[in-house]
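In: structure, please.
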Amino acid sequence: MDGEACGIGATARAGDAGLSRFARKLLLVVLVVALTAAAWRLADLGILLFGAVLIAIGLRRAAEALGRRLRIGVVAGLVLVVLLFVAALSGALIFFGAVAAGQFSELIREVPRGLHIALAWLDAQPYGAFVVAQLRGIAPADVTGAAGHVVALGAQAFVAVVGYAVLTFLVAIYLAAQPHLYRRLCLRLVPLGRRDAAAKLLDATGEVLLRWLLGQLVVMLTIGTLSGLGLWALGIEAPFALGLVGGLLTFIPYFGAVMAAVPATLVALTQGPLHAVWVLGMYAGVHFLEGNFVTPVVQAEATSLPPVLSLLSTVAFSILFGLTAVLLATPLMLFLLVVVELFYVGGVLGGTQAGKAPVDAE
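Out: This next block holds a predicted model:
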């Protein structure tokens with residue numbers, strides 16, 4: 001009887017141990033699912049944080065360079081960089097705000113006229129007449145309601161974009177002021193045996209993103225200047241506003257160039273079809289120069305993302321995280337490539353040297 005009791009007790013303890021292990025595994029699965037769902041819901045916050053890190057990298061490097069040159073230290077250099085940025089932004093708004101506002105008001109008047117001309121041309125085409133007829137079949141009340149809804153959504157989006165931009169810049173300032181603090185906090189979340197690899201990942205990512213950011217700023221400035229001067233030389237209305245839009249939209253790979261050419265072409269249509277043709281040719285020439293001369297020279301010592309990956313990353317991140325992620329699609333893909341290069345190609349396949357920056361231009 002004692003042996004049977006011991007056997008029954010051992011079986012019960014084994015059952016309790018198995019149930020305890022099952023409960024722990026179930027709890028772990030539930031925790032992973034909950035964290036995954038929370039991370040998905042907070043994807044916008046992650047994109048915002050990544051943008052703040054990207055800005056912080058640029059601010060920190062500018063502060064270090066300025067601090068060394070003026071011998072005032074990094075912290076004072078960061079304060080000076082932020083003040084210079086705010087002063088430059090304020091000066092741009094003061095000196096060019098009225099001009100830009102006037103030119104953007106011209107855009108608001110001229111773009112619908114160009115759209116009307118484009119629709120008239122479409123109406124004259126065999127298949128375009130059906131499309132125009134369907135558009136004209138929309139009730140005016142519906143058009144008015146839709147326009148009001150679009151305006152309301154546009155105002156909300158503008159307020160949200162400004163708020164997110166201010167928050168991102170403030171977070172970037174904090175990150176740039178104490179990068180080592182946040183670096184240590186990130187590394188503390190990594191197991192001890194993997195901290196060296198995580199540190200290499202942070203170093204390689206910072207270097208790659210910095211080089212891409214500097215090159216992108218030069219390209220944006222070049223595109224904005226060339227397109228603005230080209231529109232001015234062609235006698236197109238609002239060349240400053242259109243050049244500014246073209247430079248800013250260059251931050252979006254591939255699609256930004258098309259988006260910048262659309263309003264300029266519509267404005268040119270109001271001045272005649274030949275003007276529109278010249279504008280399209282000018283934009284094609286500017287982006288030909290950018291793609292074949294400016295970008296290769298700027299990125300000669302920087303990181304270059306293969307065009308196919310750049311295009312696919314723009315589409316993929318926009319589908320996964322929304323239109324906000326389009327702005328950061330290229331640096332996000334660069335980050336993923338660094339991860340793959342260091343942990344898979346270097347760690348699993350042994351195909352790269354430790355500390356070597358991946359995705360170098362060839």
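
In: which stretches in the stretch 151-300 of the chain count as strands?
Out: Ranges of strands within the stretch 151-300 of the chain: none, based on DSSP state E, counting those that start in this stretch.

In: doesn't residue 90 belong to a helix?
Out: Yes - the assignment for residue 90 is a helix, going by DSSP: H, G, I helix; E, B strand; the rest coil.

In: number of nearby residues for it?
Out: Neighbourhood size, residue 90 [other CB atoms under 10 Å]: 11. Where C-beta positions appear, they are placed from N, C-alpha and C, glycine not excepted.

In: I'd like the distance between it and residue 341.
Out: 42 Å (CB to CB, to the nearest Å).

In: next one: residue 74
Out: To residue 341, residue 74 is 30 Å away according to CB to CB.

In: neighbour-wise, which of the two wins?
Out: Neighbour tally, residue 74 and residue 341, criterion other CB under 10 Å: the higher count belongs to residue 341, 20 against 17.

In: per-residue pLDDT, the more buried one?
Out: If you check residue 341, the pLDDT there is 82.

In: neighbours of residue 30, how many?
Out: If we define neighbours as other CB under 10 Å, then residue 30 has 10 of them.

In: got a pLDDT number for it?
Out: At residue 30, pLDDT is 83.

In: which ones are touching residue 261?
Out: 246, 279-280, 283 (CB atoms under 8 Å, 6 or more residues apart in numbering).

In: in those residues, which residue is surrounded by the most others?
Out: Greatest neighbour count in these, by other CB under 10 Å, goes to residue 246: 28 neighbours.

In: identify the residues contacting that residue.
Out: Residue 246 makes contacts with 223-224, 227-228, 260-261, 264, 283, as judged by CB under 8 Å, 6+ apart.

In: what is the mean pLDDT for the helix or strand harbouring residue 85?
Out: Assigned by DSSP states H and E, residue 85 belongs to helix 74-123. The average pLDDT within helix 74-123 is 70.

In: before we move on, what about stretch 51-63?
Out: For stretch 51-63, the per-residue pLDDT averages 89.

In: list the contacts of the residue nearest to residue 72 when sequence neighbours are not counted.
Out: Once flanking residues are discounted, residue 72 sits nearest to residue 80: 7.3 Å by CB to CB, 6 or more residues apart in numbering. Taking CB under 8 Å, 6+ apart as the criterion, residue 80 is in contact with 63, 66, 70, 72.

In: most widely separated two among those residues?
Out: The span of the contacts of residue 80, defined through CB to CB, is set by 63 and 70 at 10.6 Å.

In: what is in contact with those two at once?
Out: Common neighbours of residue 63 and residue 70 (CB under 8 Å, 6+ apart) are 77, 80.

In: more neighbours, these two?
Out: Set residue 63 next to residue 70 and count neighbours by other CB under 10 Å: residue 63 wins out with 23 against 11.

In: just the contacts of residue 246: which are in helices?
Out: Filtering these for membership in helices, criterion DSSP state H, returns 223-224, 227-228, 260-261, 264, 283.

In: can you redo those as a markdown table with pLDDT and distance to residue 189?
Out: As requested, these are exported to a markdown table (pLDDT from 0 to 100; distance: CB to CB, whole Å):
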| residue | pLDDT | distance to residue 189 |
| --- | --- | --- |
| 223 | 86 | 40 |
| 224 | 85 | 40 |
| 227 | 88 | 45 |
| 228 | 86 | 46 |
| 260 | 79 | 41 |
| 261 | 83 | 45 |
| 264 | 80 | 48 |
| 283 | 89 | 47 |
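
In: want to throw those into a markdown table with distance to residue 52?
Out: Listed next are the ones in helices among the contacts of residue 246 as a markdown table, based on distance: CB to CB, whole Å:
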| residue | distance to residue 52 |
| --- | --- |
| 223 | 25 |
| 224 | 24 |
| 227 | 29 |
| 228 | 30 |
| 260 | 26 |
| 261 | 31 |
| 264 | 32 |
| 283 | 32 |
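
In: need the helix or strand of the chain with the lowest average pLDDT.
Out: helix 128-136 (a mean of 60; mean pLDDT, DSSP states H and E).

In: residue ranges of the helices in the protein, please?
Out: Using DSSP H, the helices found in the chain span residues 2-41, 43-70, 74-123, 128-136, 140-177, 179-188, 195-233, 239-249, 255-269, 273-289, 295-298, 307-321, 329-339.

In: distance to residue 345 added to the ones you listed, as a markdown table?
Out: Output for the helices of the chain, formatted as a markdown table (distance: least, CB to CB, whole Å):
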| stretch | distance to residue 345 |
| --- | --- |
| helix 2-41 | 26 |
| helix 43-70 | 23 |
| helix 74-123 | 34 |
| helix 128-136 | 50 |
| helix 140-177 | 28 |
| helix 179-188 | 22 |
| helix 195-233 | 12 |
| helix 239-249 | 34 |
| helix 255-269 | 30 |
| helix 273-289 | 33 |
| helix 295-298 | 25 |
| helix 307-321 | 15 |
| helix 329-339 | 10 |
